[in-house]
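S.K.: no FASTA, just this:
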């Protein structure tokens, strides 16, 4: 699904750029580039911190709660990374239309987080205590 979404964004953004439907100004382009790089940096940190990452919502054998590094600030830093990158990519590619389409993605992330937390609450020892310690799911001091 992720590859399909990325390909679709690139396709729409490419059409937008080719036919000049919209024009992203330089300030937005720079800000989006910074967000893309920040998202990628967070993504790389999360991969190093959490050996239990999986595309499927599941609790693995001998899995432990990770509560250090970025996981000490928010409970789902990988989703923050993808959110930053997926919202920035269309703007970096020069497409407001692609960005508008990607505004669906945060809703998908919220649904995924809620489903994942239900599974972790029931099946991962120490997760309820972790939720008390780390209050924010995705955005520090907000949600």
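M.R.: The structure has been received and is ready for your questions. Values in this document were obtained by computation on a predicted structure and should not be read as measured data.
S.K.: Surely residue 99 and residue 93 touch.
M.R.: No: taking contacts as Cβ atoms under 8 Å, residue 99 lies outside contact range of residue 93: 9.3 Å. C-beta: built from backbone N, CA, C; applies to glycine.
S.K.: any idea where the helices of this protein begin and end?
M.R.: 2-19, 26-49, 77-92, 96-102, 105-123, 127-133 (DSSP state H).
S.K.: just how off-centre is the fourth one within its chain?
M.R.: Yep, that's helix 96-102 we're talking about. Remark: helix 96-102 is offset 16 Å from the chain centroid, using Cα atoms, centre = their mean, to the nearest Å.
S.K.: got the contact list for it?
M.R.: Contact partners of helix 96-102, identified using Cβ atoms under 8 Å, 6 or more residues apart in numbering, comprise 8-9, 12-13, 16, 21-22, 24, 86-87, 89-91.
S.K.: before we move on, back to that, what about residue 99 and residue 93, which has more around it?
M.R.: residue 99 (24 against 19; other Cβ atoms under 10 Å).
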